[in-house]
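Novice: Sequence plus predicted model, see below.
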Amino acid sequence: MIYRTIEIPIKGLFNEQECLWFLSRGYDDCLYRVYPDRVRRAFQSGTEQMLVDIYPLPDRLVVNWLTAEPSEQGEDHIRDFLNGWFDLEIELEVFYQKLSFYPELAYMTTQFRGLRFMGMPDLFEAFAWSIIGQQINLPFAYKIKRRLVEHYGSLIDYQGDRHYLFPSPESVAGASINDLKVMQLSGRKIEYLMTMASEITDHKLSKKILYALPDFAGRLKYLTSLRGIGQWTANYVLMKSLKERSSIPHGDAGLLNTLLRHHIITDKNDGAAIEELFRGFSGWESYLVFYLWRSLAPDPNSQ
DNA sequence: TCCCAGGGCATCA
DNA sequence: TGATGCCATGGG
């Protein structure tokens, strides 16, 4: 039974298969399920919980509500979320023009054509995920994330499957330190995670507060003043959650590896070459990072 | 056993 | 301002 269907039009290049592939790409993300033609995810808006199927098509997203008719606010919440998740308002042509100037990178304009920056619209989820992922490998990070979500997140039971929502900052702020340790979070990371949860529940930090700061540099400065948030995490959260186009998570292990692989740098301390590259992508730095990360994974079409 | 992994902090010169 | 050590643990 489908309770409501909406269609969200997409302007410009959009490769639905690349985006679906990115969502699965071999990792175990507990917040959605990817099928060949759609992704299923649970959402919460206020006290309203919703489960929807999202069908990405070349020119639009089709969204079906599976458990109940949404309220007007619920529908708006999902429209906003999808806009951030699939980066629906970007026009990629300018980025591809810039890529085409670089012989080592030009292949991306065809191989990854239509791939949008896959965001993480929920601010607390973005902070929690970036803190969890600091300095550990991704499979382990996804394991910890699943433990956290299954313990502190609420869920929608649908046709025998559990669809989890990311834990609220309130539930994490009130968590027991011992319970978090059992999940194999380090003492430092527990401290950072609870700091961020408290900042948000105390209304000291929100997307609105960050947007109200004068510019990107101001947002970076504010975030890096918080305990546990360094340059990497601040840039990661700003690009994933606030769609900051000029973010570069400096020092990122994957980024440095892919720059080596593309022969843009010859050693990981070659900051000048990195700066030189990103200077050519002004306003598109985070897109370049995202495409470089994408290139680390095998091409799904060649498997 | 060793090194790396989608870092950050404290300390010290 | 930059270098070093430490945290913490899975995975190759």
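Specialist: Good, I have the coordinates.
Novice: mind listing the helices for the stretch 101-250 of chain A?
Specialist: A:108-111, A:123-132, A:138-152, A:169-173, A:177-182, A:187-201, A:207-212, A:216-224, A:231-241 (DSSP state H, counting those that start in this stretch).
Novice: Same list, these, but as CSV with mean neighbour count please.
Specialist: Using the backbone N, CA and C atoms, a C-beta is placed for each residue, glycine as well. Output for those, formatted as CSV (neighbours: other Cβ atoms under 10 Å):
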stretch, mean neighbour count
helix A:108-111, 16
helix A:123-132, 24
helix A:138-152, 17
helix A:169-173, 19
helix A:177-182, 14
helix A:187-201, 19
helix A:207-212, 12
helix A:216-224, 16
helix A:231-241, 23
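Novice: Residue A:159 is nearest to which of these?
Specialist: helix A:138-152 (18.7 Å; Cβ to Cβ).
Novice: just checking, what packs against that closest one?
Specialist: With contacts defined as 3 or more Cβ pairs under 8 Å, 6 or more residues apart in numbering; DSSP states H and E, helix A:138-152 has these neighbours: helix A:123-132, helix A:169-173.
Novice: That one and DNA strand C, are they touching?
Specialist: Yes - under the criterion of Cβ under 7 Å from any atom of the strand, DNA strand C is reached by helix A:138-152 at A:139-140, A:143.
Novice: Who are the contact partners of the closest residue to residue A:105 other than its chain neighbours?
Specialist: The spatially closest residue to residue A:105, leaving aside those adjacent along the chain, is residue A:99, at 5.1 Å (Cβ to Cβ, 6 or more residues apart in numbering). Under the criterion of Cβ atoms under 8 Å, 6 or more residues apart in numbering, the neighbours of residue A:99 are A:105-106, A:108-109, A:288, A:291.
Novice: hmm, 10 Å instead?
Specialist: A:92, A:105-109, A:112, A:280-281, A:284, A:287-288, A:291 (Cβ atoms under 10 Å, 6 or more residues apart in numbering).
Novice: Tell me which two in the residues you listed are the farthest apart.
Specialist: A:112 and A:280 (18.0 Å).
Novice: Next one, pLDDT for the closest residue to residue A:25 other than its chain neighbours please.
Specialist: Nearest residue to residue A:25 in three dimensions, chain neighbours excluded: residue A:297, at 5.5 Å (Cβ to Cβ, 6+ apart). With respect to pLDDT, residue A:297 has a value of 83.
Novice: Thanks a lot, catch you later.
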